[in-house]
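Asks: just coords:
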């Protein structure tokens, strides 16, 4: 009986050397596929197509070589094979993989796509949320050049929306660009040498200390004591270390004759990730008298509302306020002096802020939803096929269990054996899929962050690992439903 149907352990390949060779060739194909899809050296989509083919070849080669490799390694180890009911488990497992190697390859490809789409969709969603997190003011109304009287806008907002607080102030500039040069060098070091140069940001930008302290107050940030004879900096986290290095190297660096304080850099979210906020990526906080020697770049009305706004509310604000237009940062023209591109193309005031920025990110949210949907489709399809394939041999499995019972194995041991078999079959196609999808999501998420922001907004790459973890948890939750259903069916038979 032990040697009946010996073909269960018949090698699909002629010898172990062929299995090992096929395994390493498949691994090489997988590495080439990941490299092509991540770097895209060919362009025009050919690298993505070839990369997908290489990954599919890896999966097919892996599942074709694994049965022969297992038989070669463990088939002749009698002491190992005849202990703890391993004989039944080993012969069933190798036979099942050998008979379903093509199906396992297809299932692993489906799970790879599912995990990749889920991880990428999570990364896209996190990037969009991070962008919104950096835009801290619900409404911002911008006026070019001199300080504007925003009372008409404030009256409209107070009458129609639950305004919690608001404040009017100006952003200034001069002919210095020490900090701007450092910021541009940081952008170039990230590989974004072709970033857009805005006409409004050809020099360093400044804000009065009184305005800065008031804005921190209405945002609920921790109050700070500012020396009225020293300068400070508020910037995105990616610029903190470069600015500290700049200040250490040049102790005489000043603004309008005012030196910088020690520990003078703050990095809380402050509407600096996008243009026409409180500077672009940074703003220098100077004493009141310092701005007398500077030009007003633009003035702002920043508003915090008690409730969120939607697109209809934003449209109503524009309609109720004459001379107000929605700020569209993706539309611009070359400035008359040729200094760069400007989005302030009309002689009007511009509405921006958190909810305007969120509306502009609808494409990212739509992309994330589509990726989640595709992920669910691929996972449900693959898990349903796998469960059906395993349970299709229930009559044969019932006869095997009866034979094992007649040979003296108790019912509890048979159930444990069946659960191990089921677990191994559910885990096998998932392992290579998880490895490939993790590599692809890790690289693609880094590239998405680079293309979405001027500078990295995450302090490290743990956010990518977080997106992978979230994707894997959701995947396992749904995958576990099919596993539990298959296990209940196993027990009932």
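Replies: Thanks, I have the structure now. Note that the coordinates shown come from a computational prediction; the quantities given were computed from them, not determined experimentally.
Asks: stretch 480-491: which residues count as buried?
Replies: 482-483, 486-487, 490 (16 or more other CB atoms under 10 Å). C-beta here means a position set from N, CA and C on the backbone, and glycine is covered the same way.
Asks: could you tell me whether residue 401 really is in a strand?
Replies: No - the assignment for residue 401, made by DSSP: H, G, I helix; E, B strand; the rest coil, is helix rather than a strand.
Asks: what are the ranges of the helices in the stretch 1-150 of the chain?
Replies: In the stretch 1-150 of the chain, helices defined by DSSP state H, counting those that start in this stretch lie at 16-39, 46-74, 78-81, 86-99, 101-134, listed in chain order.
Asks: go through the ones you listed and pick out the most buried.
Replies: Neighbour counts (mean count of other CB atoms under 10 Å) averaged over each of the helices of the stretch 1-150 of the chain peak at helix 101-134, with a mean of 22.
Asks: what distance separates that helix from the middle of the whole chain?
Replies: 10 Å (CA atoms, centre = their mean, to the nearest Å).
Asks: before we move on, what about stretch 413-427?
Replies: 36 Å.
Asks: I'd like the average pLDDT over that stretch.
Replies: In this model, stretch 413-427 has an average pLDDT of 82.
Asks: kindly report the same for stretch 229-239.
Replies: 95.
Asks: which other residues reach it?
Replies: With contacts defined as CB atoms under 8 Å, 6 or more residues apart in numbering, stretch 229-239 is touched by 134, 179, 182-183, 186, 207, 209, 212, 226, 243, 254-255, 258-261, 264-268, 270, 272-273, 278-279, 281-287, 290, 455-457, 459.
Asks: so which of those are in helices?
Replies: Of the contacts of stretch 229-239, the ones assigned to helices by DSSP state H are 134, 179, 182-183, 186, 209, 212, 243.
Asks: of all those residues, which two lie farthest apart?
Replies: 186 and 209 (25.6 Å; CB to CB).
Asks: now residue 260. Nearest residue, chain neighbours left out?
Replies: Excluding its sequence neighbours, the residue lying closest to residue 260 (CB to CB, 6 or more residues apart in numbering) is residue 231, at 4.8 Å.
Asks: please tell me how far the spatially most central residue of the chain sits from residue 130.
Replies: For the chain, residue 123 is the residue whose C-alpha lies nearest the centre (CA atoms, centre = their mean; 1.8 Å). Using CB to CB, to the nearest Å, residue 123 is found at 10 Å from residue 130.
Asks: before we move on, what about residue 369?
Replies: 18 Å.
Asks: of the ones in helices among the contacts of stretch 229-239, which one scores lowest on pLDDT?
Replies: Ranking those by pLDDT, residue 134 lands last with 87.
Asks: residues contacting that residue?
Replies: 236, 269-274, 457.
Asks: just these: which are in strands?
Replies: With DSSP state E as the criterion, strands contain none of those.
Asks: out of those, who's nearest residue 61?
Replies: residue 457 (39.8 Å).
Asks: touching, the closest one and residue 129? I think so.
Replies: No - using CB atoms under 8 Å, residue 457 makes no contact with residue 129, being 10.7 Å away.
Asks: and residue 333, what does it touch?
Replies: Residues counted as contacts of residue 333 (CB under 8 Å, 6+ apart) are 341-342, 345.
Asks: show the buried residues in these.
Replies: For those, a neighbour count by 16+ other CB under 10 Å gives the buried set as 341-342.
Asks: can you redo the contacts of residue 333 as TSV with pLDDT and secondary structure?
Replies: What follows is the contacts of residue 333, written out as TSV (pLDDT from 0 to 100; DSSP: H, G, I helix; E, B strand; the rest coil):
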residue	pLDDT	secondary structure
341	90	strand
342	90	strand
345	85	coil
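Asks: just the contacts of residue 333 now: which is nearest residue 159?
Replies: Closest to residue 159, out of all of the contacts of residue 333 and judged by CB to CB, is residue 345, at 29.7 Å.
Asks: distance of that closest one from residue 473?
Replies: Taken as CB to CB, the span from residue 345 to residue 473 is 46 Å.
Asks: after the host helix or strand of residue 413, next one along is what?
Replies: Element membership of residue 413, judged by DSSP states H and E, is helix 411-427. On the C-terminal side of helix 411-427, the nearest following helix or strand under DSSP H and E is helix 430-452.
Asks: next, the angle helix 411-427 makes with that following helix.
Replies: 30 degrees (axes from the mean of the first three to the mean of the last three CA atoms, to 10 degrees).
Asks: average model confidence for helix 430-452?
Replies: On average, helix 430-452 scores 85.
Asks: and for that helix, what's in contact with it?
Replies: 30, 33-34, 37-38, 55, 58-59, 62, 108-109, 111-116, 119-120, 123-124, 127, 131, 190-192, 456-458, 461, 463-465, 467-468, 471-472, 479.
Asks: again, only this time at 6 Å
Replies: For helix 430-452, the external contacting residues (CB atoms under 6 Å, 6 or more residues apart in numbering) are 34, 38, 62, 108, 111-112, 115-116, 119-120, 123, 127, 464, 468.
Asks: tell me the one of these nearest residue 143?
Replies: Closest approach between the contacts of helix 430-452 and residue 143, by CB to CB: residue 127, at 30.5 Å.
Asks: quick one: the closest one and residue 134, what's the gap?
Replies: 11 Å.
Asks: nearest residue to residue 490 in space, please, no chain neighbours.
Replies: If you skip the residues right next to it in sequence, residue 490 has residue 418 as its closest partner in space, 5.2 Å away by CB to CB, 6+ apart.
Asks: mind checking which helix or strand of the protein has the lowest mean pLDDT?
Replies: helix 78-81 (a mean of 64; mean pLDDT, DSSP states H and E).
Asks: before we move on, back to that, give the ChimeraX command for selecting the buried subset of the contacts of stretch 229-239.
Replies: Command for ChimeraX, covering only those of these found buried under the criterion 16+ other CB under 10 Å:
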select :134,179,182,183,186,207,209,212,226,243,254,255,258,260,261,264,265,266,267,270,272,273,278,279,281,282,283,284,285,286,287,290,455,456,457
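Asks: any regions of the stretch 301-450 of the chain where pLDDT drops low?
Replies: Under the criterion of pLDDT under 70, none of the stretch 301-450 of the chain is flagged as low confidence.
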